[in-house]
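Enquirer: Pasted the sequence and its predicted model underneath.
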Amino acid sequence: MGQAKHKKVTQQAMLETEERCIYCAAAPSTIEHMPPLVLFLKRQRPKGLEFAACLECNNGTKGADAVAALFSRISQADQDPFWENGDGVTLRHTVERDAPGVRDEVFDERKATTRWMRGRTGVLTPKAVIHADGPLVKAYLDVFAAKLGMALYRRHVGKPLAMDGGVQTTWYMNSGLSEKTALAHLSILPIDGSLKQGTFTAREQFAYRYNCDEKSIFAALIGLNSNFHIFLIASSTPEKFMLPLTMPNISATTNFLRPGQLVDHLATNAPRPRRLLTLP
């Protein structure tokens, strides 16, 4: 399966020529970067992979972008927790603003445990074990993975995923993606993809291997900062490919979302807390 040819277009031309948002049926009014700027260190992101999106999808799924960015930066090998320094502090505040409740869910003291692990120097040090298995984290990461699938489908097929199409996703944190599972995925994904702007690349932060028929199906294994991986299959004719598939011998949770379902999925599974009005 070859790689489709694409012409560079201005953002204004993109908004004028795209008939609909890449995530739903609404008319586009904003430009979406996928992966988002927040995922890249110091927000230094090569140009490319920008898409026309509606304001509701763009703004309504910011929390998913922030949560994915945070977990892509959390590594078992770090001597100092990322979220306690520099960019990590800023990103943590972004998560608290755009994905309220995630911090409390992840750092729930009732689930807190400590494990002795070897750092880069080989010395055993105590590490706090993060339990990213709550309903909020799952909802946000499911939506982020689906967004990425719809965006890459648009990039490589050349048109938005059909409204009756869908994306099946499976995501893995840290060492959750076993070598055996990774090799099984990669065996059917022959083409490399990433972001590149002149000599500026970001493969260490975002890279993927994919396969695509340039008509109706796209599959990829995506690595984000080497700590967060997503396997996805997007198709405009999911029934033809029997999606969603049963994934044997995979312990990670799979999810299937269609265009138009992202914002509602978060509203249902990761509702924002109500703000109480304080009377004088």
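Expert: Sure thing, it's come through. As the structure is a computational prediction, the values presented were derived from the model and not from experiment.

Enquirer: Hmm, residue 149 and residue 255 touching each other?
Expert: No: Residue 255 is not in contact with residue 149 according to C-beta atoms under 8 Å; the separation is 10.3 Å. Glycine gets a C-beta too; all of them are placed from N, C-alpha and C.

Enquirer: Touching both of those two, which residues are there?
Expert: Both residue 255 and residue 149 are contacted by residue 169, under the criterion C-beta atoms under 8 Å, 6 or more residues apart in numbering.

Enquirer: Please say which of the two ends up with more neighbours.
Expert: Per other C-beta atoms under 10 Å, whichever of residue 255 and residue 149 has more neighbours is residue 149, with 27 against 20.

Enquirer: Okay, the more buried one and residue 214: tell me how far apart.
Expert: Going from residue 149 to residue 214 by C-beta to C-beta, to the nearest Å gives 16 Å.

Enquirer: repeat for residue 166
Expert: From residue 166 across to residue 214, the span is 19 Å (C-beta to C-beta).

Enquirer: next one: residue 28
Expert: Look at residue 28 and residue 214: by C-beta to C-beta, they are 22 Å apart.

Enquirer: Which one's more surrounded, the two?
Expert: Remark: of residue 28 and residue 214, residue 28 carries more neighbours, 25 against 14, as counted by other C-beta under 10 Å.

Enquirer: name the element the more buried one belongs to?
Expert: Residue 28 belongs to no helix or strand when assigned by DSSP states H and E.

Enquirer: what residues are up against it?
Expert: By C-beta under 8 Å, 6+ apart, residue 28 lies in contact with 14-15, 18, 20-22, 52-54.

Enquirer: If we use 7 Å, what do you get?
Expert: Applying C-beta atoms under 7 Å, 6 or more residues apart in numbering to residue 28 gives the contacts 15, 18, 20-21, 52-54.

Enquirer: Please verify my assumption that residue 22 contacts residue 50.
Expert: No: contact criterion C-beta atoms under 7 Å: residue 22 and residue 50 do not qualify, at 10.4 Å.

Enquirer: Compare these two (neighbour count), which wins?
Expert: Counted by other C-beta under 10 Å, residue 22 and residue 50 do not tie: residue 22 has more neighbours, with 23 against 15.

Enquirer: List the contacts of that one.
Expert: Counting by C-beta under 7 Å, 6+ apart, residue 22 has contacts 32, 51-53, 150-151, 154, 160.

Enquirer: swap the cut-off to 6 Å and go again
Expert: By C-beta atoms under 6 Å, 6 or more residues apart in numbering, the contact set of residue 22 is 51, 53, 150, 154, 160.

Enquirer: With residue 219 instead?
Expert: By C-beta under 6 Å, 6+ apart, the residues touching residue 219 are 211, 233.

Enquirer: quick check, it in a strand?
Expert: Yes: counting by DSSP: H, G, I helix; E, B strand; the rest coil, residue 219 is found in a strand.

Enquirer: So what pairs up with it in the strands?
Expert: Applying DSSP bridges to residue 219 yields these beta-bridge partners: residue 211, residue 233.

Enquirer: isn't residue 47 right up against residue 198?
Expert: No: look at residue 47 against residue 198 with C-beta atoms under 6 Å: they stay out of range, at 9.3 Å.

Enquirer: Mind checking which of the two has more residues around it?
Expert: Using other C-beta under 10 Å as the criterion, residue 47 and residue 198 rank with residue 47 on top: 12 against 7.

Enquirer: distance of that one from residue 209?
Expert: For residue 47, the distance to residue 209 equals 22 Å [C-beta to C-beta].
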